[in-house]
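*Asks:* Got a predicted model here, sequence first, then my questions.
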Number of protein chains: 2
Amino acid sequence: MTKRKKHIIAIVDDHSLFASSLEKLINSFSNFSVLFHAKNGLELQERIENGFLPEIILLDINMPIMDGFETAEWLMLNHPKIKTLALSMEDDELTILRMLRKGVKGYLLKDIHPEILNHALQELMDKGYYHSEKVSETLLNSLNPDEDVILLDLKENELTFIKLACSEMTYKEIADIMDLSPKTIDGYRQDLFRKLKIKNRVGLVIFALKKNLIKL
Amino acid sequence: MTKRKKHIIAIVDDHSLFASSLEKLINSFSNFSVLFHAKNGLELQERIENGFLPEIILLDINMPIMDGFETAEWLMLNHPKIKTLALSMEDDELTILRMLRKGVKGYLLKDIHPEILNHALQELMDKGYYHSEKVSETLLNSLNPDEDVILLDLKENELTFIKLACSEMTYKEIADIMDLSPKTIDGYRQDLFRKLKIKNRVGLVIFALKKNLIKL
DNA sequence: CGATTAAACAGGGAAAACCCTTTTTTAAAA
DNA sequence: TTTTAAAAAAGGGTTTTCCCTGTTTAATCG
């Protein structure tokens, strides 16, 4: 309730319709206002280097040219005082962990209610961090730190393989789709089974679901 | 807001601590009051046959002696005017469908908030039915009526097999646990694959998860 | 009781999955 | 350009899964 200057926010999102409406929403809050929005990380860099310095950045992840991961990393290294809040539709644990490792102060899912956004921003300023309920849940469910390391170390091909292995395709078919030898696929499989300490493909499906790597 | 007589409710639940607190809660509502509670369907029958006739019955499912399914069936056949509301922790589609087939007017999950209960009871009287949000979702997700028929027709052994097949056990191990021949298990498998039109065990896991037959 | 029906079980074979190890290829570093 | 390391591929074998069909067993019923 103290009368003070509004906190300055920047929005980074390639979906400009979303960004504009978000801007309107935030400007309606009493404690926050939007300074500018950028279509991707590169545009954000330009703005910042031209002297437009926000306190908070709402950062989308899936963007062309320079995505959320790169952007968050650049921010962490070059402007550590800016509080970055990831704002995405992705709720899989891998994406969440990756962003947290890039130094974001919070992770918001895009389906949050308007009032929650206000609350989230306030908490971010007060406590220094804020996560969506679902995100906190996901992070809490991850009681096995080893698994997190494994998850973060997954190569792109391994990830693709896991997702495809959660379908009814045979490994042969997966190999065809990924344009790799069945023997290579078998290598991925074997490797993952060892790392994840699982006995068969069912274990892989369960893992993928627990980590939200696939949806039902 | 019209001043009228409270609607008379009976609670059927073997967990008497839960039943008692539920009674207190309901008695605090302006439009409803609890007439009695019974530990199982048999006790309910006795009460009703002694002239205690509620308008609404909150019916638990897992109870000794006479469970929710039997009780709902008996109520449907003998007292069709009583509105029965299933009140359970089970959120799998099979249980839900089974209860609906026994004529219950609604399905509430036990983790609902107190205010929702009041609203649920009111809706039940006004519209004649009410389902928990999660339940409605589950029923909505089931866009394949054929699958529902299959689900309802599942034998106990088939169900057990499905659940075990969602673990990392081999069919041989499942056969041991269920004390059946591996060939019998293979029969279940083959049968289910045909009925559910799936190609392999992954399909079975996905099915079980979609229907909430297993939890992660 | 024989007849019917469903559940349990079996024979037998092909295809996938699983597993260990080694080699080739590729790309980056020294 | 040689070294090194990681990714891809392969050799080769065992186990499990998958699938078709047919038989025995058990329970129910006219």
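*Replies:* Alright, I've got the coordinates.
*Asks:* can you list the residues of chain A near DNA strand D?
*Replies:* Residues of chain A lying near DNA strand D by C-beta under 7 Å from any atom of the strand: A:155, A:157, A:180, A:181, A:182, A:183, A:184, A:186, A:187, A:200. Placement of C-beta: from N, CA and C, glycine included.
*Asks:* and these as a markdown table, adding neighbour count?
*Replies:* As requested, these are exported to a markdown table (neighbours: other C-beta atoms under 10 Å in any protein chain shown):
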| residue | neighbour count |
| --- | --- |
| A:155 | 10 |
| A:157 | 13 |
| A:180 | 16 |
| A:181 | 10 |
| A:182 | 14 |
| A:183 | 9 |
| A:184 | 14 |
| A:186 | 13 |
| A:187 | 13 |
| A:200 | 14 |
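*Asks:* Per the annotation, how does chain A divide into domains?
*Replies:* Under the assignment automatic domain parsing, the domains of chain A span A:7-141, A:145-210.
*Asks:* Now render those as a markdown table, adding distance to residue B:109.
*Replies:* Below are the domains of chain A laid out as a markdown table (distance: least, C-beta to C-beta, whole Å):
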| stretch | distance to residue B:109 |
| --- | --- |
| domain A:7-141 | 18 |
| domain A:145-210 | 21 |
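*Asks:* deepest of the ones you listed, which one?
*Replies:* Across the domains of chain A, averaging neighbours per residue (mean count of other C-beta atoms under 10 Å in any protein chain shown) puts domain A:7-141 on top, at a mean of 18.
*Asks:* Now it: average pLDDT?
*Replies:* Across domain A:7-141, pLDDT averages out at 94.
*Asks:* gap between the two ends of that domain?
*Replies:* This stretch, domain A:7-141, spans 33 Å end to end (C-alpha to C-alpha, to the nearest Å).
*Asks:* Return the subset of the residues of chain A next to DNA strand D lying in helices.
*Replies:* Those of the residues of chain A next to DNA strand D mapping onto helices are A:157, A:182, A:183, A:184, A:186, A:187, per DSSP state H.
*Asks:* ok, now which ones touch residue A:114?
*Replies:* residue A:25 (C-beta atoms under 8 Å, 6 or more residues apart in numbering or on different chains).
*Asks:* ok, now the one 4 residues further on?
*Replies:* By C-beta under 8 Å, 6+ apart, the residues touching residue A:118 are A:29, A:31, A:32.
*Asks:* can you tell me which residues contact residue A:196?
*Replies:* Counting by C-beta under 8 Å, 6+ apart, residue A:196 touches A:147, A:150, A:203, A:204, A:207.
*Asks:* Specify which member of the residues you listed is nearest to chain B.
*Replies:* Closest approach to chain B among the contacts of residue A:196 (C-beta to the nearest C-beta): residue A:203, at 4.8 Å.
*Asks:* Doesn't that closest one belong to a strand?
*Replies:* No. Counting by DSSP: H, G, I helix; E, B strand; the rest coil, residue A:203 falls outside a strand, being helix.
*Asks:* Look up how far residue A:44 lies from residue A:37.
*Replies:* 9 Å (C-beta to C-beta, to the nearest Å).
*Asks:* min pLDDT across the contacts of residue A:196, which one?
*Replies:* On pLDDT alone, residue A:147 ranks lowest of the contacts of residue A:196, at 85.
*Asks:* Sticking with it, tell me its helix or strand.
*Replies:* Element membership for residue A:147, per DSSP states H and E: helix A:145-153.
*Asks:* That helix vs chain B: in contact?
*Replies:* No. With C-beta under 8 Å from any C-beta of the partner chain as the criterion, chain B is not reached by helix A:145-153; the gap is at least 13.6 Å.
*Asks:* Send me that helix as CSV with only the CA atoms.
*Replies:* Presented in CSV, the C-alpha positions along helix A:145-153 are these (Å, rounded to 0.1, in the frame of the first residue of the first chain):
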residue,chain,number,x,y,z
PRO,A,145,18.5,-35.9,-7.7
ASP,A,146,20.4,-38.5,-9.8
GLU,A,147,17.5,-38.7,-12.1
ASP,A,148,17.6,-34.9,-12.6
VAL,A,149,21.2,-35.1,-13.6
ILE,A,150,20.4,-37.8,-16.1
LEU,A,151,17.4,-35.8,-17.4
LEU,A,152,19.5,-32.7,-17.9
ASP,A,153,22.2,-34.7,-19.7
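*Asks:* Which strands and helices lie in contact with that helix?
*Replies:* In terms of contacts (3 or more C-beta pairs under 8 Å, 6 or more residues apart in numbering or on different chains; DSSP states H and E), helix A:145-153 is packed against helix A:93-101, helix A:182-196.
*Asks:* how does it look with 7 Å?
*Replies:* Helices and strands touching helix A:145-153, by 3 or more C-beta pairs under 7 Å, 6 or more residues apart in numbering or on different chains; DSSP states H and E, are helix A:93-101.
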